[in-house]
Structures are given as structure tokens and as C-alpha cells.
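1. Quick one, fold the following:
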Amino acid sequence: MPKNAHHEAASHHENAAKAHRTAAEHHGKGNHEEGKKHSATAHEHSRKAHEASKAAHQESQQQK
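-> Model prediction:
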């Protein structure tokens, strides 16, 4: 179902954005170790978002 695939992709994008914002907060306060952890989490969510977006796009294309 394309709708579910798009929801999954959106969820990963939202999680990545939250982790990026948290990383930025920590780096801004000079807490670079914690910032690095959140940056790594953001990167993983971004990677998953990219894969989920590709899958959602493929599913949408098959619906035509």
C-alpha cells in the first residue's frame, strides 16, 4: 500500500529532523560528544528515510 509506505518515509524524515535539531542544540552548547551521538542517530534516520522514500515512490509508480 503506497499510503503506508509514504507514512513510513514521513516518520523517518520527522525522526531525522528531531535528531538533527537535538544535535544542533548540543553542539551549540559545546556538548560535542552528545551532539555527535544525536548526529549519528539523525544520519541513521535519514538513511532509513531515503530507503523508505525510494520504496514509496516505486510503489506509487506501480499503482498507475
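2. what about residue 19, how many neighbours?
-> Residue 19 sits with 20 neighbouring residues when counted by other Cβ atoms under 10 Å. C-beta coordinates here come from the backbone N, C-alpha and C atoms, glycine included.
3. I misspoke; the intended subject was residue 3.
-> Neighbours of residue 3 under the rule other Cβ under 10 Å: 10.
4. name the helices or strands packed onto the particular helix or strand that has it in it?
-> Assigned by DSSP states H and E, residue 3 falls within helix 2-28. If contacts are counted by 3 or more Cβ pairs under 8 Å, 6 or more residues apart in numbering; DSSP states H and E, helix 2-28 sits against helix 32-62.
5. State the distance from the closest residue to residue 38 other than its chain neighbours to residue 47.
-> Excluding the flanking residues, the one nearest residue 38 by Cβ to Cβ, 6 or more residues apart in numbering is residue 23, at 3.6 Å. Between residue 23 and residue 47 the computed distance is 15 Å (Cβ to Cβ, to the nearest Å).
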